[in-house]
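Q: 3D model of this:
(one chain, ligands or ions: 1)
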Amino acid sequence: MDFSWRWCRTPGNHNQASEDQQASEDQQASEDQQASEDQQASEDQQRILAELSGWIVEAQGDAEPWVGRWSAQQLADEFRVARLAICEELDSATGRSRLMGAIFFRDLPEAWEISLTIVNRRSRGRRVFERLLQAVSQDFDAQGVGREFWLEVRADNTAAVRAYTRAGFMLSGRRKAYYGDGMDALVMTRPVRNNSVGPGKL
Ligand SMILES: CC(C)(COP(=O)(O)OP(=O)(O)OC[C@H]1O[C@@H](n2cnc3c(N)ncnc32)[C@H](O)[C@@H]1OP(=O)(O)O)[C@@H](O)C(=O)NCCC(=O)NCCS
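A: Sure, this is the predicted structure:
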């Protein structure tokens, strides 16, 4: 399948490899080029954030239980502090990239916390989560920052639990009545693995 993935340059995405590459490119690029690249990166961020916000609003409108505390504002807050990996596919009709899914990562001392996973409705059931996580995991390992992955999920979110289990997560705890409506949270973790691959095709 013709999916690709990449890091989105969020304010919280301190991807050292990218920054080093950016720094050396910065020395060579003229100020005009740099301004143009910054403008493109900013437009890319805004486009992705707007699209993800739309998905959250849609899920709120349909009262999907997983959306819980997430609002467009909380998504924007997460965007500022977390790293964001995205999966895209090429829309042959328009020639433009189409966002399929996203995973937000919080940098914890002992683990990478997955704070939000979201796949667009039209792309669900195509293993987007598993592929994107695998690619990120390999990239973290290549950067020497491979750690356990950690997340919480509603016990009744069977689609997510299936996707996480398929991607190698195991149940490591249960928080009784953790959510406002009394639903339990499952704590799931995935141990470190060793691979090495950079951004690109999935
Ligand atoms: C959870 C989620 C990220 C899984 O991503 P995915 O890439 O679709 O995962 P998979 O392709 O592995 O499918 C996982 C399960 O989703 C279900 N599924 C399959 N097609 C689906 C579809 N079109 N719509 C909804 N769920 C579907 C199935 O139960 C599937 O498991 P199975 O193939 O063993 O039957 C995605 O369903 C999603 O974005 N859900 C809404 C947001 C959410 O719940 N996030 C997690 C909590 S923050």
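Q: which residues of this structure fall in helices?
A: With DSSP state H, the ranges of helices along the chain come out as 16-28, 31-61, 72-81, 128-142, 158-166.
Q: buried residues in the last one?
A: Residues of helix 158-166 classed as buried under the neighbour-count rule (16 or more other CB atoms under 10 Å) are 160-161, 163-164. No exception for glycine: its C-beta is placed from N, CA and C like everyone else's.
Q: any idea how far that helix is from the chain center?
A: 16 Å (CA atoms, centre = their mean, to the nearest Å).
Q: what about it and the ligand, touching?
A: Yes: counting by CB under 6 Å from any ligand atom, the ligand has neighbours in helix 158-166: 159-160, 162-163, 166.
Q: Could you pull up the mean pLDDT of that helix?
A: Averaged across helix 158-166, the pLDDT comes to 97.
Q: what's next to it, contact-wise?
A: Contacts to helix 158-166, defined as CB atoms under 8 Å, 6 or more residues apart in numbering, come from residues 66, 117, 124, 127, 129-130, 151, 153-155, 186, 188, 190.
Q: Of those, grab the buried ones for PyMOL.
A: Buried residues within those, by 16+ other CB under 10 Å, are selected in PyMOL with:
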select buried, resi 66+117+127+129+130+151+153+154+155+186+188+190
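Q: May I ask which two of the contacts of helix 158-166 are separated the most?
A: Greatest spacing in those, by CB to CB: R127 and A155 (22.4 Å).
Q: from the buried residues of helix 158-166, which two are the most distant?
A: Between any two of these, the greatest separation by CB to CB is 7.4 Å, found for V161 and A163.
Q: Now the protein against the ligand: closest residue?
A: G125 (2.3 Å; CB to the nearest ligand atom).
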